[in-house]
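Q: any chance you could fold what I've pasted below:
(one chain, ligands or ions: 1)
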Amino acid sequence: MDKILRINMGADGGPQVKTDSLGDYSGHGGRGLTSAIVAKEVPPTCHPLGADNKLVIAPGLLSGSVAAMSGRISVGCKSPLTGGIKEANSGGQASQMLGRLGYAAIVLEGKPHNGSLHKVFINKDGVDVKQDNSLCMLGNYDLVDKMKAEYGEKVHCISIGPAGEMKMAAASIAFSDMEQRPTRHAGRGGVGAVMGAKGVKVIVIDDAGTSARTPADPEKFKAANKEFVAGLKKHPVSGEGLPAYGTNVLTNVINEAGAYPTNNFQLGRFEGASKISGEAQAELENARGGEGSATHGCHKGCIIRCSGTYYDKNGNFLSKQVEYETVWAHGGNCGIDDLDAIAQMDRLDDDFGLDTIEMGATIAVAMEAGVAKFGDAEAAINLIKEVGKGSDLGRILGNGAAVTGKVFGVERVPVVKGQAMPAYDPRAVQGIGVTYATTTMGADHTAGYAVATNILGVGGSLDPLKPEGQVELSRNLQIATAAIDSTGMCLFIAFPIMDQPETFQALIDLINGFAGTNLTADDVTELGKTILKTERDFNLRAGLSDKDDRLPDYFQKEQLSPHNITFQVADEDLDQVHNF
Ligand code: SF4
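A: You can find the predicted model right below:
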């Protein structure tokens, strides 16, 4: 995996393909690589949809090997939503396949002069880019079917739906899953709009004739992988909770903690939570037959297996097992307690190519503005359909919660750096509030998941309602996360490696066994710090500053029930997060 595929979509005479060596980027992978390329090659003040922005798609350092959990992929660019650097992470099969094909990254550059759409086909023999305007405004599901018919039943896709083509700031990039469905998304920050601006509708990958990447020290690698897998299986979160119920196991937990944002972050508990919980979802799936509540991986090599399948009332496939963030965004945050309606919205988001978190937060802001009533599932579904159609209202909603709040004159808009907050109220989980405020990404729970220590008792415990210790916790988690995001490992490995020193050591041994290096835990920490510094430097050069590392001020003024608490971490303490 030592080459970078560059496709200049704006070259005279049509798209131009070339392959570079890794050069200065050697040793980087995943988020480390996307952020290094964006920081070095993209002018920080460029327009995110202009020719100077670049879209970088990078497998992790271990992707394409047989290391467990190593198939996550990073997408980087300057974000149309935040105006800063972006790394959006996804599952799906593409990461393993690109790794096996030897690509450390795909970089889409320039912009077509004629605004036309293209498809890119990659296999072991090379790369082919073709103009194909017949794909215009196809949903991701039809698009993948069409690509399978054209390129063969075993291909996988990286694609955008109509939202990306319309360059909406809530547009995602879809990665087809093990069943070749476009259910896994690099959702956050409008990365789909950047792919749309590059005039690329789909990248089709065929890895036939390739084999898994081989480790430098096979014996060490094999032994470390065995120890690592054993560690994942014995931890209660990665070994029991997630495989049993998927991520939606969190609904009852977070609601009980009084941290479940309800009706556009007005309340901390949702009356209908038990009806949309992971437990209720599993019961429903079992009753409807099919695979029942059995979970599976979103890519080959996943051991935790938090994914699943959602069937409608007639037992037909509707969507993937809806994840916690989506169940919350379209559920409790909009006052909706109907799992079938939520799954329908998940399917529409995936098909149109939309970030479910941004869309749920946006619809809740629109509900607060009176566009629809909290709890009205049919109205919420219709609002997503407006986005897919690209009506005037749909174009407003498709540009996210901040734009929608501004257009409709709403004060309570839960965003940081223009990006909507996920499913944890920062007043009741103060540590995640620090992460939302200070991450380089805009409000993002995955950038430093302080919920683990504040609520779940993983990696120690800290009072979620108090500010003490939260800055240090968030800083350490943000550094560790940046490093994990570079390996291609799913972030859910963080639960066992935070609690079990031997599993953390196994991860380091796995990396060393694969790459033939002698990294220590300190080296991994340094890698994380370097990535964060690179990203923050880009943001400062793009015009962001400490004043953007803040929550909206109503979080300091409005008390959240049931704890009747505000966000307590002082601004000067937030400014210490990046002081390392
Ligand atoms: S644990 Fe879940 S999100 Fe992570 S790789 Fe497995 S299926 Fe995908």
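Q: can you tell me if stretch 169-184 touches the ligand.
A: No: shown here: stretch 169-184 not in contact with the ligand (Cβ under 6 Å from any ligand atom), separated by at least 7.5 Å. Every C-beta, even on glycine, is put in place using the N, C-alpha and C of the backbone.
Q: likewise for stretch 72-92?
A: Yes: with Cβ under 6 Å from any ligand atom as the criterion, the ligand is reached by stretch 72-92 at residue 91.
Q: just to check, residue 492 is in contact with residue 306?
A: Yes: counting by Cβ atoms under 8 Å, residue 492 does reach residue 306; the two are 6.7 Å apart.
Q: now do the contacts for residue 77.
A: By Cβ atoms under 8 Å, 6 or more residues apart in numbering, the contact set of residue 77 is 34, 38, 42, 48, 53, 54, 55, 56, 86, 189, 191, 194.
Q: which residues do residue 492 and residue 306 both contact?
A: residue 242.
Q: so which helix or strand takes in the closest residue to residue 15 other than its chain neighbours?
A: In space, and not counting its chain neighbours, residue 15 is closest to residue 129: 4.3 Å by Cβ to Cβ, 6 or more residues apart in numbering. Element membership of residue 129, judged by DSSP states H and E, is strand 126-131.
Q: any idea how far the nearest residue to residue 199 once chain neighbours are set aside lies from the ligand?
A: Leaving aside its chain neighbours, residue 199 sits nearest to residue 112 (3.9 Å; criterion: Cβ to Cβ, 6+ apart). Using Cβ to the nearest ligand atom, to the nearest Å, residue 112 is found at 33 Å from the ligand.
Q: what of residue 224?
A: On the measure of Cβ to the nearest ligand atom, residue 224 and the ligand end up 19 Å apart.
Q: try residue 390
A: 31 Å.
Q: pull up the residues of the stretch 351-500 of the chain that are close to the ligand.
A: Within the stretch 351-500 of the chain, the positions adjacent to the ligand are 490, 492 by Cβ under 6 Å from any ligand atom.
Q: before we move on, back to that, out of residue 492 and residue 306, which sits in the more crowded spot?
A: residue 306 (25 against 21; other Cβ atoms under 10 Å).
Q: tell me the contacts of the residue sitting nearest the centre point of the chain?
A: Nearest to the mean C-alpha position of the chain, by Cα atoms, centre = their mean, lies residue 89 at 4.1 Å. Residue 89 makes contacts with 30, 31, 72, 73, 74, 75, 186, 446, 485, 491, as judged by Cβ under 8 Å, 6+ apart.
Q: let me see the contact set for the residue in the stretch 451-580 of the chain that the ligand sits nearest to.
A: Distances between the stretch 451-580 of the chain and the ligand by Cβ to the nearest ligand atom are smallest at residue 490, namely 3.2 Å. Neighbouring residues of residue 490 by Cβ under 8 Å, 6+ apart: 69, 71, 72, 91, 302, 304.
Q: on the pLDDT front, check it for me.
A: On pLDDT, residue 490 comes in at 93.
Q: so what's the backbone phi/psi at it?
A: phi -70, psi 140 (degrees, to the nearest 10).
Q: what does residue 536 give?
A: Backbone dihedrals for residue 536, given as degrees, to the nearest 10, come out at phi -70, psi -40.
Q: residue numbering should commence at 90 henceforth.
A: All right, first residue 90 from here; so that's residue 625.
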